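> Have a look at this prediction, sequence included:
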Amino acid sequence: MEITDIKAQLTLAQVLNHYGLKPDKHQRLRCPFHEDRTPSLQLYYKTHTAYCFSSNCKTHGKSLDVIDFILHKEGCTKHEAIEKAKAMLQGNSSGDAPQTKAAVLLKMFTYFRNAVHNSKPAQEYIKGRNLDYGRLEIGYNSGQFHHGSRRDEALIKSCLEVGLLQDRGLTAKTGEKAYGVFGKYCLVFALRSRADKITGLYFRSTVNESDQRHYYLANREGLYPGYPKPGTKKLILTEAIIDAASLLQQETVITEQFAVLSGYGTNGLTTEHQAAIKDLPELEELVFYFDGDQAGQEAVSKYAVLLHRDLPQVKISVVQTPEKEDVNSLLQGHEPEILMQLINERTPFLFSVEKSVEKEKAAGRLSPVFPETGQKQQPEYVLNTGNPNNIMFTGLAATYAVKGGVKPQLDSLKIALQIISGHRDYRCKLDLYEYKQLQQVAETATEILGSRRDLVEQDLMQLTNLLEAYREQYLQQGQSPTAKQSIKVPEASAKECIRFLQQPDLLSRFNQLIGKAGVTGEEVNRIFLFVIATSYKMPQTLHGLIQGSSGSGKTRLLKIISSLMPPEDVKRFTRVTESSFYNYGEYDLQNKLLCFEDVDGLKEEAQLALRELQSNDILISSTSVKSEEGHIRSAERTVRGPVATLSCTTRGEYYEDNISRCFLIAVDESREQTQRVISYQNNRAAGEINEKQERETENFIQNCVRLLQPCPVINPYANKIKLPPEAHKIRRLNEMYQSIVRQVTILNQYQRQKDGQGRLITQKEDMQTACEILFESILLKVDELDGSLRQFYEQLKSFVQPKGKDYEFNRFEVRAATGVSKTQQHYYIGRLVGLEYIKQFGFANRGFKYKIAHWDNMAALRTRIKEDLKGQLQNL
């Protein structure tokens, strides 16, 4: 990096900030290079130089740039000063840490302040506002700080992070990437933290006087001109920053007696403002100096009540600003003395009860005062939320009913309200955050119901506080204030279901019921899928992947099993877009059963989201949202699980990551199963199937599932069973096996004992049942071939074996022997050739011949694994 580059990029403000030097309002310092009682070092931010006017200084007579300043401050060589300057450019003296947000904003605000000196339009606008940019910290954003020779990728990156630049995907005429500039052609004011660091910027448009004129960086932090000093006794609150700047300019008249703090508009007295005011231990008086219009008066009334409630000992006064005037307009049209004159004429703020008394006095209708017989008790305000769609509140003047509950959006508090007093009532809709609406409702209710207006208004304010607390409570619990509806099992049905759940050999009985519900054959697969599906209510859920060729009945199997679950907890999908999972509400999918009739159609992004839900039970995505001001900002979206899933696929081998998370279920595609399915279809068409009984069985199983409750489980036999080590991803398979054992135990929860901590204790029968229903899935994990391909290969071996192991065959013979379609056969043979289970001979124009190359013995492997598991179970 050249010296000219260092001087162009390193600002004098950065150097001063690094050494903790802060100039006075005239940009002067006590010179750090000699003994200096009065400030003699003048700073020139425009040229980033300094000059000491003292003849006692060794630098006298020489203008110091940033490198010279470092050289004399450190007492080092020129080379060392250059290296130190390079390190400062990288964020700190060591050059390791990136620039903080405060450092970036300080650098940019210094640039904006310097830009005022070079911008005639900015100077004219400031002068037209009767402000002095030499005495105030005012900047100007011309939108050129990242152009031409000033283009610095590190600076651009920092500005993108803090929001001064926006990436809109544009390209400049030069071919370089172009950026949108936030707050272009605006005056710039710094918002400061309690530590006096710049943490935000306010932009005031100089070209737009009719529409939107005020802009803040996203996640607004800081106050203008800064946090009041702890010793502040009198504080002036203004409506706008430019009004506060107008008062700060009157140094000898106003700022010696008062501290000044700006709000951010009529609705902009934020919690940060309120906290800063509450933290002033010596505060005696709070003065509102807002605009002289209706909005300003309403804002004063709103915030005076709010602050008086927290600071009852502080006097609250109001400056009577002339109608349609504000602080800055007064400064433009009058002599500056008018500002102090109006402050001296300020009046105490009258609260609602005091106002009523004043009006009664004026009208000569003051009610007589009766002596109190005892100390007055403060009423206890409570919300009745027994019905969340009809929240009741009893106040001082009437009873209030909030119809339809409370919406979760925090930017408003819109309600449908019924005010009841005696036999009369008044209904309305209002936003409790709109003080003007609240006043109008109180006035109308007073006329209709005959109640006291001040009491109705007080009730509505109290109702606002209670509803805010109520909404916050539910949002913290992750729920909407609208109650989550759940179906309660009728008492008679519940007793019948519990008797069933208490019977021995429960899973066999469930298996029989599933057959009555419409599943023909598939005895092992259907109970296995049922166990997986019922896990959706539990903290540790299970996932099933059904493999089968097209038309094998896998989708029907999924539909029937999912229909046995309570419908309110099941979500079925035929298509899922790439980002749809990320757009659910935070708890929309929690403890749901997700069913995918054709998981082959999921795009890669959707598959990734599904895998994350299956493994981590949560999705957290960073996305862009538009704020109320129309600015794009980043936000987090969270979707929580856990979820259980059932999916169908014809191409299981494509889902390697999914297979490791799921239990594999291969649909029975044998001729015997085909005959059973055809027989069922014929009987149904002939009216021999009792469809009403199927529906009754379905409802009965749904009620049984509703009665199952999540319970912790301990398995004293967990270390006794060892799965085949050759299984695919044995670590995850072992965890899934323990999950199946846990779920079988939970299904038997009405028969199992609990330990002292309320945990269900797994029995030997649960281990045996889990092994029986999981056996085929374990084989699929061990087997290199997926379920459908394995069935085809076994049929092929059965056809070839009688003819000799060296027999060569063609595709016509394969189709005749297995009965599969041409397309399916082409797929299967291609897979087997690729895996080198069969060899291919010949040429395409003459027809291919095939020969089995690998005669594996799956039957022997099946027997060995089965005997091994059986022996382990017997030794329990």
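Looks like it came in fine. Residues are numbered from 1 along each chain as shown.

> Could you list the low-pLDDT ranges of the stretch 101-250 of the chain?
For the stretch 101-250 of the chain, applying pLDDT under 70 flags the ranges 147-152, 172-176, 208-212.

> Which parts of it are strands?
Listed in chain order, the strands of the stretch 101-250 of the chain (DSSP state E, counting those that start in this stretch) span 139-141, 165-171, 177-181, 186-192, 198-205, 214-216, 234-238.

> how about a markdown table for these, with mean neighbour count and distance to Arg706 added?
C-beta coordinates here come from the backbone N, C-alpha and C atoms, glycine included. A markdown table is the format used below for the strands of the stretch 101-250 of the chain (neighbours: other Cβ atoms under 10 Å; distance: least, Cβ to Cβ, whole Å):
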| stretch | mean neighbour count | distance to Arg706 |
| --- | --- | --- |
| strand 139-141 | 25 | 62 |
| strand 165-171 | 12 | 50 |
| strand 177-181 | 16 | 54 |
| strand 186-192 | 24 | 55 |
| strand 198-205 | 22 | 52 |
| strand 214-216 | 19 | 51 |
| strand 234-238 | 23 | 58 |
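
> Turn those strands into JSON lines, including distance to Lys324.
Listed next are those as JSON lines, based on distance: least, Cβ to Cβ, whole Å:
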{"stretch": "strand 139-141", "distance to Lys324": "28"}
{"stretch": "strand 165-171", "distance to Lys324": "36"}
{"stretch": "strand 177-181", "distance to Lys324": "33"}
{"stretch": "strand 186-192", "distance to Lys324": "23"}
{"stretch": "strand 198-205", "distance to Lys324": "20"}
{"stretch": "strand 214-216", "distance to Lys324": "19"}
{"stretch": "strand 234-238", "distance to Lys324": "17"}
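
> so for the one helix or strand Cys648 maps to, what's the average pLDDT?
Element membership for Cys648 (DSSP states H and E) is strand 643-649. Mean pLDDT, computed over strand 643-649, is 91.

> Can you work out which other helices and strands pack against it?
Strand 643-649 sits against helix 523-534, strand 543-547, helix 554-563, strand 592-596, helix 604-616, with contacts defined as 3 or more Cβ pairs under 8 Å, 6 or more residues apart in numbering; DSSP states H and E.

> Determine which stretch of the ones you listed is the most buried.
Comparing the helices and strands packed on strand 643-649 on average neighbours per residue, with mean count of other Cβ atoms under 10 Å, the densest one is strand 543-547 at a mean of 26.

> What pairs with it, parallel or antiparallel?
strand 643-649 (parallel), strand 663-666 (parallel) (DSSP bridges).

> Can you add distance to His26 and mean neighbour count and give these back as TSV?
Below are the strands paired with strand 543-547 laid out as TSV (distance: least, Cβ to Cβ, whole Å; neighbours: other Cβ atoms under 10 Å):
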stretch	distance to His26	mean neighbour count
strand 643-649	66	26
strand 663-666	77	25
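
> need those in CSV with distance to Asn748, can you?
As requested, the strands paired with strand 543-547 are arranged in CSV below (distance: least, Cβ to Cβ, whole Å):
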stretch, distance to Asn748
strand 643-649, 19
strand 663-666, 19
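
> ok, which stretches of the stretch 301-450 of the chain are helices?
Along the stretch 301-450 of the chain, counting by DSSP state H, counting those that start in this stretch, helices occupy 327-333, 337-344, 352-363, 435-449.

> And those helices, which one averages the lowest pLDDT?
Ranked by mean pLDDT, the helices of the stretch 301-450 of the chain bottom out at helix 352-363, which scores a mean of 44.
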